[in-house]
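1. dropping a prediction and its sequence here:
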Amino acid sequence: RKEVEQDPGPFNVPEGATVAFNCTYSNSASQSFFWYRQDCRKEPKLLMSVYSSGNEDGRFTAQLNRASQYISLLIRDSKLSDSATYLCVVNPAYSGAGSYQLTFGKGTKLSVIP
Amino acid sequence: NAGVTQTPKFRVLKTGQSMTLLCAQDMNHEYMYWYRQDPGMGLRLIHYSVGEGTTAKGEVPDGYNVSRLKKQNFLLGLESAAPSQTSVYFCASEEGFSSSYNEQFFGPGTRLTVL
C-alpha cells in the first residue's frame, strides 16, 4: 500500500465552485500533516498545515481524521488562480524531531475554468 | 532575502558525465534536502542534512553524493549520470529542531536531462 494516496484528478471545476480533495496515509504513527501547492513547472509551496481540530484559512479548510487516516482539503468559491497541483504531505516524525521524513503524495491537479 | 536558490536551472548531460547541483539558502536554516520529482511520482528524498558537516541518505540515494561544508550550501553530485537520473531536482531548507510542523522552503528546481 502506498504511504500517501491521492486522487490524481484532474478536477475541472467552474469558477465559484466548491471542490474537495482527499488523501489517505498508511502510517498510523504519523504526527503532522500538510497541504502544499505546486504550480505548473514551479516549486512546491506550503498552503496550510493540518491540525487535529481542523483549521481554516480564508477559502481553504483542512480536516484530519486520525481514526480513518484521512486528510481533506476544501476550497470554496474557486478562483482561476487556484489552478495548481495540490500535494498531500505527511510527517511521521514525533514532535520535535524535525520534518526530514516527509512523505509526499503524487498530487491532485485542479483546473478552474472561467 | 533570496530564499532558496539552485544552480543551474537546466542541464543536459550525456550518459557517464558528471555534474554538481548547487543549492544555497540565506535563511540560516539547519536542515537542507535534495528531492527528485518524476512524472506520476511524488517528490522523493535523495539525501538530507541536519547541520553543517552532516549528511544522510534518503529514500533514493543511489548514484548521488552530497556535501554540506557550509551551513548555507548543499551540493548534490552525480558521478556518472544515467538516463534514469533524468528528472527535476528540488532543493529545500527548513529551520529544523523544535517542531514537526516546520515548513520546508523549496528552490525553483533544476531540470536535468541525461541522454
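-> That came in fine, so what should we check first?

2. okay, CA-based contacts and neighbour counts for the rest of this
-> Fine.

3. stretch B:107-115 and chain A in contact?
-> Yes - on the criterion Cα under 8 Å from any Cα of the partner chain, stretch B:107-115 is in touch with chain A at B:107, B:108, B:109.

4. so which strand or helix has residue A:23?
-> Assessed by DSSP states H and E, residue A:23 sits inside strand A:19-25.

5. neighbouring strands of that strand in the sheet, and parallel or not?
-> Sheet pairing of strand A:19-25 (DSSP bridges) gives strand A:4-6 (antiparallel), strand A:70-75 (antiparallel).

6. pipe the residues of stretch B:107-115 next to chain A into CSV and attach secondary structure and pLDDT per row.
-> Listed next are the residues of stretch B:107-115 next to chain A as CSV, based on DSSP: H, G, I helix; E, B strand; the rest coil; pLDDT from 0 to 100:
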residue, secondary structure, pLDDT
B:107, coil, 98
B:108, coil, 98
B:109, coil, 98
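
7. by neighbours, which of those wins?
-> Counting neighbours by other Cα atoms under 10 Å in any protein chain shown, residue B:109 leads the residues of stretch B:107-115 next to chain A with 27 neighbours.

8. what sits against the nearest residue to that residue once chain neighbours are set aside?
-> Nearest residue to residue B:109, sequence neighbours excluded (Cα to Cα, 6 or more residues apart in numbering or on different chains): residue B:90, at 4.5 Å. Neighbouring residues of residue B:90 by Cα atoms under 8 Å, 6 or more residues apart in numbering or on different chains: A:43, B:34, B:35, B:36, B:37, B:106, B:107, B:108, B:109, B:110.

9. partners of residue B:90 in the sheet?
-> residue B:35.

10. and residue 11, what pLDDT?
-> All of this is about chain A. What the model reports for residue A:11 is a pLDDT of 95.

11. not quite, I wanted chain B
-> For residue B:11, pLDDT reads 97.

12. hang on, it in a strand?
-> Yes - secondary structure of residue B:11 (DSSP: H, G, I helix; E, B strand; the rest coil): part of a strand.

13. pretty sure it contacts residue B:115?
-> No - in this structure, residue B:11 is not within contact of residue B:115 by Cα atoms under 8 Å, at 10.9 Å.

14. are the helix or strand of chain A with the lowest mean pLDDT and chain B in contact anywhere?
-> Least confident helix or strand, chain A: strand A:103-104 with a mean of 92, by mean pLDDT, DSSP states H and E. Yes - under the criterion of Cα under 8 Å from any Cα, chain B is reached by strand A:103-104 at A:103, A:104.

15. immediately after that strand, which helix or strand?
-> That would be, after strand A:103-104 and using DSSP H and E, strand A:108-113.

16. mind listing the strands that next one pairs with, and their directions?
-> Sheet pairing of strand A:108-113 (DSSP bridges) gives strand A:11-14 (parallel), strand A:84-91 (antiparallel).

17. can you tell me which of these is most buried?
-> Highest mean neighbour count among these (mean count of other Cα atoms under 10 Å in any protein chain shown): strand A:84-91, with a mean of 25.

18. what's that one in contact with?
-> By Cα under 8 Å, 6+ apart, the surrounding residues in contact with strand A:84-91 are A:4, A:6, A:23, A:25, A:30-40, A:99-111, B:100.

19. export it to CSV, keeping only CA atoms.
-> Provided in CSV are the C-alpha atoms of strand A:84-91 (Å, rounded to 0.1, in the frame of the first residue of the first chain):
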residue,chain,number,x,y,z
ALA,A,84,-2.5,24.0,-9.5
THR,A,85,-1.5,20.6,-8.2
TYR,A,86,-2.2,20.1,-4.5
LEU,A,87,0.2,17.8,-2.7
CYS,A,88,-0.8,15.9,0.5
VAL,A,89,2.2,15.6,2.8
VAL,A,90,2.7,13.6,5.9
ASN,A,91,5.4,13.7,8.5
